[in-house]
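Student: I would like the atomic coordinates for the input below:
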Amino acid sequence: GVEFLAKRKAVSLEYSKTGREPYCQLNFATRAGKKTTRLSFKLGHVGNIQLAVGRRPKAHALFSEKVGIVRDELGRIPVNRYLQTIHMHIYALGDVIGGQMSLAKSYAEAAYCVERIRAIKQEQTIFYPMGYRHIPLLFFTRPGVCNLASIGANYKEELFRQENIPYKVKSHSFPSLKFLGLASKSSEKEAGFIKLLWHNKKGDTYLLGVHLVGFGLGRIFPRLLSAAKNYEPLDAIRSWANNQASDPWLEALKKVLP
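Tutor: Numbers count the residues shown, from 1 in each chain. Below you'll find the predicted structure:
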């Protein structure tokens, strides 16, 4: 199994041998250092221990104190839905405002700010808030290898219900995907998971979200990303898939298309 210890930091690692099997004890502390958690395990019974240290924005040198822009407890710059700080003519974006720390998010926010400033210069009174639905979320578990990609809302979110959008979900895994894409070493390149969210509008079916887990997902993810951004009907994706050379990802995509 997998055990998660959130909001903890590693303090020490102790090794001892009592009886036949040696064991280790990993000591954690809370952020305030008031409480200690001890995780004991026998050697050979634990595959690995991973520590996620996280990241914090370096925004302390961006503004003088005279500007009056105060950062929160994590060092982030608070902004509104239009990426404006407390001074409406000063915008902040990227890692310094929190959220997904990725180039795709920062690029989209930068493009939004430029378009908003241009609209204000042209005295346009209507401008939509920054949207994140079509910004891809990618996870790389090996150098240069992405094995988890997502775009759009998850079906558990209340977004579609709030907007009164009826939607459907279908998923498929191949051939024997384990939790989070952890297949055996011999079959990891042939294992994967795909989930699509779509809705019908005016006789056509449109993509709302896609979630992929596994190696080689770059075979189909760019095409699905383009379809979601450009609001293409799923018939266009099906036609594209039928004209491509067959592989496991394309076959899985065909099985989840309505």
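Student: what separation do you get for the spatially most central residue of the chain and residue 25?
Tutor: By Cα atoms, centre = their mean, the chain has its centre lying nearest to residue 137, at 3.8 Å. In this view, residue 137 and residue 25 are 36 Å apart by Cβ to Cβ, to the nearest Å. All C-beta atoms are positioned from the backbone trio N, CA, C, and that covers glycine.
Student: wait, what's in contact with residue 93?
Tutor: 79, 83, 106, 109, 110, 112, 113 (Cβ atoms under 8 Å, 6 or more residues apart in numbering).
Student: which among those count as buried?
Tutor: For the contacts of residue 93, a burial check counting by 16 or more other Cβ atoms under 10 Å picks out 79, 83, 106, 109, 112, 113.
Student: so which of those residues are in helices?
Tutor: Among the buried ones among the contacts of residue 93, the members falling in helices (DSSP state H) are 106, 109, 112, 113.
Student: how close does the third one get to residue 106?
Tutor: Here residue 112 is placed at a distance of 11 Å from residue 106 (Cβ to Cβ).
Student: can you show me the strands along the stretch 151-258 of the chain?
Tutor: 168-174, 192-201, 204-214 (DSSP state E, counting those that start in this stretch).
Student: residue 72 is nearest to which of these?
Tutor: Closest to residue 72 of those, according to Cβ to Cβ: strand 204-214, at 29.4 Å.
Student: got the buried residues for the closest one?
Tutor: So, applying 16+ other Cβ under 10 Å, buried residues of strand 204-214: 205, 206, 207, 208, 209, 210, 211, 212, 213, 214.
Student: elements contacting that strand?
Tutor: Strand 204-214 sits against strand 145-151, strand 192-201, helix 221-229, helix 234-242, with contacts defined as 3 or more Cβ pairs under 8 Å, 6 or more residues apart in numbering; DSSP states H and E.
Student: how about a cut-off of 6 Å?
Tutor: Where contact means 3 or more Cβ pairs under 6 Å, 6 or more residues apart in numbering; DSSP states H and E, strand 204-214 is packed against strand 145-151, strand 192-201, helix 221-229.
Student: now for residue 161, how many residues are close by?
Tutor: Using other Cβ atoms under 10 Å, residue 161 has 10 neighbouring residues.
Student: what does residue 200 give?
Tutor: Neighbours of residue 200 using other Cβ under 10 Å come to 14.
Student: now do it against residue 209, distance only.
Tutor: In terms of Cβ to Cβ, residue 200 sits 15 Å off from residue 209.
Student: equivalent analysis for residue 137, please.
Tutor: From residue 137 to residue 209 the distance is 11 Å (Cβ to Cβ).
Student: can you check residue 203 too?
Tutor: To residue 209, residue 203 is 21 Å away according to Cβ to Cβ.
Student: hmm, back to that, out of the strands of the stretch 151-258 of the chain, flag the one nearest residue 73.
Tutor: Taking these one by one with Cβ to Cβ, strand 204-214 is closest: 31.5 Å.
Student: the closest one vs helix 221-229, what angle?
Tutor: 150 degrees (axes from the mean of the first three to the mean of the last three Cα atoms, to 10 degrees).
Student: what are the contacting residues of strand 204-214?
Tutor: Strand 204-214 is touched from outside by 147-153, 167, 181, 191-199, 221, 224, 227-228, 231, 233-234, 258, with contacts defined as Cβ atoms under 6 Å, 6 or more residues apart in numbering.
Student: same thing but at 7 Å, please
Tutor: Residues outside strand 204-214 that contact it (Cβ atoms under 7 Å, 6 or more residues apart in numbering): 147-154, 167, 177, 180-181, 191-199, 221, 224, 227-228, 231, 233-234, 258.
Student: what's the ChimeraX line that selects buried ones from the residues you listed?
Tutor: A single ChimeraX command selects the buried members of the contacts of strand 204-214 (16+ other Cβ under 10 Å):
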select :147,148,149,150,151,152,153,167,177,181,191,192,193,194,195,196,197,198,221,224,227,228,233,234
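Student: got a list of what residue 113 touches?
Tutor: Residue 113 makes contact with 83, 91, 93, according to Cβ under 7 Å, 6+ apart.
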